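# coordinates only, sequence not included:
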DNA sequence: GCAGTATGCTACAAAATATGTAGCGTCAAG
DNA sequence: CTTGACGCTACATATTTTGTAGCATACTGC
């Protein structure tokens, strides 16, 4: 099932609340990773695929299509990159990195 | 495939970097939603399920198991709730809500 | 005791998604 | 006209998710 635009129904939720739409997209395999790998700048299809440990092109293309429809990335010149909205989201994601490091450390102690 | 603990290999990534582990978990369907629905406090299995639009118990149980293994939630007394790590993550998620609202508004304009 | 109820969870078959390999069509340079 | 890069599709296989049914345990009142 393709995620829907905000305002429409979303898998399992009849409200179409933006946060649900977002969870729907990000909850698809590889979406978070793809957004993450674009953090250093524009990448073309093949390089992006390589960065994502050779994700299958079928899935990569499906995700890129969704992310474009949701205006989180665009495709110009030499490849794919964030839109301004996508960049904002990416900034939020960036905060997860440090958190995850600390989280991993605390897991080791248990 | 079950997500692995940090330090071990993760789907598609041989580094086992914590952020990859995190993306791996959060990228599973329903994981973000489940974390989100716990934001108001402890919920038992059935209530949590109801909050998640009657997600199938099979998946809910699988996700809860994973989240417990990763020390993001625990199960005591009357149900499931964040651990301290889970609460931190939830705080970060909370920031997504307002962002998503604005994002949705800007999408309408296009 | 013993029915009634709530809870956490499992079984299982069907449906939806993801994976991996191969390769096509377009374009531009040599 | 060959070569290479690029974005992407086809397709068969494998994995994951879904949805319904219902089990096992632990209470609670009677």
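In hand now; what should we look at? None of these values were measured; they are calculated from a predicted model.
# show me where chain A has helices.
Along chain A, the stretches classed as helices by DSSP state H are A:18-26, A:31-37, A:45-51, A:57-69, A:84-109.
# surely residue A:107 is in contact with residue B:72?
No. Checked against Cβ atoms under 8 Å, the pair residue A:107 and residue B:72 is beyond contact range at 10.0 Å. The way it works is simple: take the backbone N, C-alpha and C, and place the C-beta from them, glycine included.
# hmm, back to that, hey, which of the helices of chain A is tucked in deepest?
helix A:18-26 (a mean of 24; mean count of other Cβ atoms under 10 Å in any protein chain shown).
# which ones are touching residue A:26?
Contacts of residue A:26 were listed using Cβ atoms under 8 Å, 6 or more residues apart in numbering or on different chains, and they are A:32, B:26-27, B:32.
# columns pLDDT on top of these, output as TSV?
Below are the contacts of residue A:26 laid out as TSV (pLDDT from 0 to 100):
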residue	pLDDT
A:32	97
B:26	96
B:27	94
B:32	97
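# residue A:77 and residue A:97, how far apart?
Residue A:77 is 27 Å from residue A:97, where distance means Cβ to Cβ, to the nearest Å.
# before we move on, what about residue A:56?
Distance from residue A:56 to residue A:97, counting by Cβ to Cβ: 25 Å.
# poorly predicted segments of chain A, please.
Chain A contains residues with pLDDT under 70 at A:1-15, A:109-110.
# which of the contacts of residue A:26 come close to DNA strand C?
When Cβ under 7 Å from any atom of the strand is applied, no member of the contacts of residue A:26 is adjacent to DNA strand C.
# out of these, who's nearest DNA strand D?
Among the contacts of residue A:26, residue B:27 lies closest to DNA strand D (Cβ to the nearest atom of the strand), at 8.4 Å.
# so that closest one sits against residue A:34, correct?
No. Using Cβ under 8 Å, residue B:27 is not in contact with residue A:34, being 10.0 Å away.
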